[in-house]
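# Turn this into a model:
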Amino acid sequence: MNGVLGAGVLHQEAAANRFTLARHEPAADLAAFVDFCWVIRWDLTGQPPHEQSILPHPNVNLAFEDSGAAVYGVDTKIFTRRLTGTGKALGVRFRPGGFRPFFGAPVSTLNDRVVPASDIFGPAAGPALQQVMAAALDDAMIDCASALLRRAAPGPDPVADQVAHIVATITADPALCRVGELAAAFGIPERRLQRLFADYVGVSPKWVMRRARLHEVALRADAGDVVDWAGLATDLGYADQAHLTRDFTATLGVPPSRYAARR
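Coordinates of the predicted model:
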């Protein structure tokens, strides 16, 4: 199921009235590393600030905005951004594992951290930020960011490709909830799979599985339709509705039925 703004953007109906979010395919030569580029624009002139909550994915992002250019590691909790006045931002969402070749260290060390882009991409990050923010069109913004990535682009990394494929398998099937089954499917010992995810993704396979299920629950709740929570729990591999409710509440702070009612 696809939300209007994509999985992870919470309270989508309200969000769609506050900003626009466009996704763009990456340049062909960067597709091995980049999932997509996103551009957010807002105009809240004469309106109160908007607090937007995001249920993050297992992806590292490079973001360009007025306050600077920074690398955002995987957020293990809800991420909230405050929008005021008018503005725009460009983001580069790396494929799961796709930032590891640029970073050269375990991606888990970036979890819940925001690091200046210059710390990783060097002094070229400053001019790139200026060019991105000066560009009027999405494509021009993306071209400036892509040029920065090309300067630092590493060689092919088969492990990064493998990890991205494993994560894609999880997100394509939110009902997949056993790490042992995943490890067996890919012929990788479970402990090695755990280490691989810590190194390349930043979070564990179990975390990715749980987050995929929560994304699906939030999308269903945001759709505005009557939801059979017990049936959804079964579809997503939960033991029962109570387990789904506890999982959702522990992360989002409210039960799914109450979240849906706030729509």
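
# element containing the closest residue in space to Ala27 that isn't next to it in sequence?
Nearest residue to Ala27 in three dimensions, chain neighbours excluded: Ser146, at 5.0 Å (C-beta to C-beta, 6 or more residues apart in numbering). For every residue, glycine as well, the C-beta is placed using N, CA and C. Assigned by DSSP states H and E, Ser146 falls within helix 138-152.

# Residues in contact with that helix: which ones?
With contacts defined as C-beta atoms under 8 Å, 6 or more residues apart in numbering, helix 138-152 is touched by 22, 24, 26-27, 29-30, 33-34, 37, 39, 62, 64, 90, 92, 102, 117, 120-122, 124-125, 128, 131-132, 135.

# Find out how far the helix or strand following it is from the centre of the chain, if you would.
Sequence order places helix 158-172 as the next helix or strand after helix 138-152, per DSSP H and E. The chain centroid and the centroid of helix 158-172 are separated by 14 Å under C-alpha atoms, centre = their mean, to the nearest Å.

# Check which helices and strands helix 158-172 is in contact with.
helix 100-103, helix 179-186, helix 190-200, helix 205-222 (3 or more C-beta pairs under 8 Å, 6 or more residues apart in numbering; DSSP states H and E).

# List the buried residues of it.
Ala160, Val163, Ala164, Ile166, Val167, Ile170, Thr171 (16 or more other C-beta atoms under 10 Å).

# And for Gly224, the neighbour number?
The burial count assigned to Gly224 is 11, neighbours taken as other C-beta atoms under 10 Å.

# That one - that's part of a strand, no?
No. Residue state for Gly224 (DSSP: H, G, I helix; E, B strand; the rest coil) corresponds to coil; a strand is not indicated.

# Distance check, it against Phe248.
To Phe248, Gly224 is 17 Å away according to C-beta to C-beta, to the nearest Å.

# can you check Met209 too?
Met209 is 14 Å from Phe248, by C-beta to C-beta.

# which residues of the chain score low on pLDDT?
1-4, 263 (pLDDT under 70).

# so which helix or strand takes in the residue of it most remote from its centre?
For the chain, the C-alpha farthest from the mean C-alpha position belongs to Gly46; by C-alpha atoms, centre = their mean, that distance is 30.3 Å. Using DSSP H and E, Gly46 falls within no helix or strand.

# OK, contacts around it?
Neighbours of Gly46 in contact, by C-beta under 8 Å, 6+ apart: none.

# that older thread, please pick the buried ones from the contacts of helix 138-152.
Judged by 16+ other C-beta under 10 Å, buried ones among the contacts of helix 138-152: 26-27, 30, 33-34, 37, 39, 62, 64, 90, 92, 102, 117, 120-121, 125, 128, 131-132, 135.

# neighbours around the residue nearest to Ala27, how many?
Residues near Ser146, counting by other C-beta under 10 Å, number 19.

# Strands of the stretch 1-150 of the chain, start to end?
20-24, 34-43, 50-54, 61-65, 68-72, 79-83, 86-94, 114-116 (DSSP state E, counting those that start in this stretch).

# which of those strands sits most buried?
Of the strands of the stretch 1-150 of the chain, the one with the most neighbours on average (mean count of other C-beta atoms under 10 Å) is strand 61-65, at a mean of 23.

# What angle do strand 86-94 and it make with each other?
If you take axes from the mean of the first three to the mean of the last three C-alpha atoms, to 10 degrees, strand 61-65 sits at 160 degrees to strand 86-94.
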